[in-house]
Each structure stands twice: as structure tokens, then as C-alpha cells.
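1. Fold the following, please.
(chains A and B)
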Amino acid sequence: MTAPGPASLRLCLRRRRVPSASGATVQVSLRVPSDVGCIEEVVDLLMRHCCSDSWLCRRSRFNLRVAVAEALANAIVAGNREDRSKWVEVQAELRGDQIRVEITDQGTGFDPNLVVEPIEPEELDRPNGRGLFLIRHLVDDVRFNPQGNSICMILLRH
Amino acid sequence: MAFTATKDATGVYLIRVEGQLIVGNRQELKTAVQEALEHAERRFVIDFSRTGYIDSSGLGALVSISKKVREQGGELRLSGLNEDLRSLFELTKLDTLFAISDTAERALGGFPA
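-> Numbering: from 1, shown residues only, chains lettered A, B, ... in the order given. Have a look, this model is predicted:
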């Protein structure tokens, strides 16, 4: 398969307002190339389309931004290994008093239970391994699919 | 990210980071400090008063930089972290690893004469 050229760096965004009966108010889908240079733009897009300033307090917005950026970096770097022929799928949904963001890469997955806690004294000077730790502490719920290549993060509106 | 590097009157190397320190640009900062170390600089302040966000890779880069500076017998101080950024350092306990000052001026003044 030929690696995508610069044109494929364009993000694919689908946003739709869904019937209120389903409980969700906004759904956003993004197809993101495996390029860390896209992370900031993706986070900006999600924040703009999924939660207004009035919906979330400033600190929760910061926490969500951090969690999404970390999950994207994990998906692109650790999951897809920055292979430009692979994509990261992002699904975000605003439902009632919560926002749910699911990020899926095309890698083989990993076992999140095996990730070492980076705050142990002997781990503090590690140059990596803090992303998942931050995610777990900044959102209200984190789940993985059995394969370990898809993370679902839920942030409640406090 | 953009950064400016200056040397104060006492010879401390001050790097001000503007924008974000993230996975896509952390190497630039590591390279800047490495080059300064090769030019015999040993006392560093990295100031974040104009920085909006540092991701876990950026935190990791600071850990690596700190280690390299210590290995060369130098000292690194951080300054200007806003409330959000400071919370990331506290959460990851990196506030115990770094000397952190409220302002660049205080960090510069923290080095022994």
C-alpha cells in the first residue's frame, strides 16, 4: 500500500446533531492520519464541536484536552508507530451530563494492566510512560477494548 | 513551540518556551540544551510563563534534560508554570524532581553566587 501523501493530512470530520430520543446531542467522528503534528488540531476541533465554554468548567476543559491529546499520541506513536498508511479513528459524543471520547488505532493493542505506575520513586526519572497515568487521573472513567487498541474516556460535567 | 535563549549577567542560561511543549516538538528543546551543554553552559532555567500546555512527552523531555544536565555537573530550574501545568507536575510527582520557582527572576536568583 502506498503511504498517503501530504493531501491525506486533511482531517475528515463528521458532525451531526442526533435525535433527542437517543440521549445524545452531538456526535463527532474524525479520521486522523498517524502524524503527531495533527494532535493539536484534532483536540481543538473536538473541543470546538463537542463542548462549549459554558458546558464545561475551565479545569475540566483542560483535563479533557490533556486526556484526548495523550490518547491520540499513544494511538499514533505506540499504536500505529507513526505508520502513515494507518489511521486513528476518533468518536466523540455529548450525552446528557457527560462527554465520551473513543480513540482507536490500527495497532496490535496492549495490556493496560501491565503499564507501570510512573510515580513510584524508582520510576520518576523515566523519560516516558506518563500518558496513560495522566488520562486515568484526569477523566472520570477509562475503558479499553479486549484487544487494547481502543480507549474510551468518559468525562462527567461536574 | 518557539523558544528564546539568553544568558543573564551571572551566566545562567535562560530558555523561555512559548506555545506548547509536546510530542511533536520536544526534540527541539532537548537539542537546544544539549548544544548549550556542549558549549560549557551548566546552569539552566527553563521558563514556562508563556507556555499553554506540556504533554507527557514534554514532561519526559524535561526529565531527560534534567538528567543530562546533572550528569554534566550542572543544575536545572523551572519557572513560570501556570496553575494547570503545575497540577500536571504535582499529579506525576515531578514537582519533587525539579526545583520550581514562580518566576524566571526567582529561579535565576536561586543559583549560588
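2. Which residue, other than its chain neighbours, is closest to the most centrally placed residue in chain A?
-> In chain A, the centroid-proximal residue (Cα atoms, centre = their mean) is residue A:68; its distance is 3.7 Å. Once flanking residues are discounted, residue A:68 sits nearest to residue A:43: 5.2 Å by Cβ to Cβ, 6 or more residues apart in numbering or on different chains. All C-beta spots, glycine's among them, are computed from the backbone N, C-alpha and C.
3. just checking, what packs against the helix or strand where that neighbour lies?
-> Residue A:43 belongs to helix A:39-50 when elements are defined using DSSP states H and E. On a contact count with 3 or more Cβ pairs under 8 Å, 6 or more residues apart in numbering or on different chains; DSSP states H and E, helix A:39-50 meets strand A:12-17, strand A:24-33, helix A:58-73, strand A:87-95.
4. Check what pLDDT the closest residue in space to residue B:67 that isn't next to it in sequence gets.
-> Leaving aside its sequence neighbours, residue B:67 sits nearest to residue A:125 (Cβ to Cβ, 6+ apart; 6.1 Å). Predicted confidence (pLDDT) for residue A:125: 90.
5. so residue A:125 makes contact with residue B:68?
-> No: applying Cβ atoms under 8 Å, one finds residue A:125 not in contact with residue B:68, separated by 11.3 Å.
6. Could you list the buried residues of the lengthiest strand in chain B?
-> Longest strand in chain B, counting residues (DSSP state E): strand B:43-54. Under the neighbour-count criterion of 16 or more other Cβ atoms under 10 Å in any protein chain shown, strand B:43-54 has B:43-48, B:51-54 buried.
7. so can I have a markdown table of those showing pLDDT and distance to residue B:62?
-> Below are these laid out as a markdown table (pLDDT from 0 to 100; distance: Cβ to Cβ, whole Å):
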| residue | pLDDT | distance to residue B:62 |
| --- | --- | --- |
| B:43 | 96 | 16 |
| B:44 | 97 | 11 |
| B:45 | 97 | 12 |
| B:46 | 97 | 7 |
| B:47 | 97 | 12 |
| B:48 | 97 | 10 |
| B:51 | 95 | 11 |
| B:52 | 90 | 16 |
| B:53 | 91 | 13 |
| B:54 | 94 | 8 |
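8. With respect to residue B:37, which of those residues is nearest?
-> residue B:44 (8.8 Å; Cβ to Cβ).
9. Flag every residue of chain A that's near chain B.
-> Proximity of chain A to chain B, by Cβ under 8 Å from any Cβ of the partner chain, involves residues A:36-37, A:39-40, A:59, A:62, A:65-66, A:69-70, A:73, A:77, A:118-119, A:124-131, A:133-134, A:137-138.
10. so where's the chain shaky on pLDDT?
-> No chain specified, so I'll use chain A. Within chain A, the stretches with pLDDT under 70 are A:1-24, A:53.
11. nope, chain B please
-> Looking along chain B with the criterion set at pLDDT under 70, you get B:1, B:113.
12. Write out the residues of it neighbouring chain A.
-> So far as Cβ under 8 Å from any Cβ goes, chain B lies against chain A at B:20, B:22-24, B:53, B:55-57, B:59-61, B:63-64, B:66-67, B:84, B:88, B:91-94, B:96-97.
13. buried subset of the residues you listed?
-> Here, 16+ other Cβ under 10 Å leaves B:20, B:22-24, B:53, B:55-57, B:59-61, B:63-64, B:66, B:84, B:88, B:91-92, B:94, B:97 buried among those.
14. gap between stretch A:149-158 and the chain center?
-> Counting by Cα atoms, centre = their mean, to the nearest Å, stretch A:149-158 is centred 9 Å from the centre of its parent chain.
15. Next, the buried residues of that stretch.
-> Buried residues in stretch A:149-158, counted by 16+ other Cβ under 10 Å: A:149-155.
16. Tell me which other helices or strands the top helix by length along chain B touches.
-> Counting by DSSP state H, the longest helix found in chain B is helix B:56-71. Judged by 3+ Cβ pairs under 8 Å, 6+ apart, helix B:56-71 is in contact with helix A:58-73, helix A:131-138, strand B:13-21, helix B:26-38, strand B:43-54, strand B:75-79.
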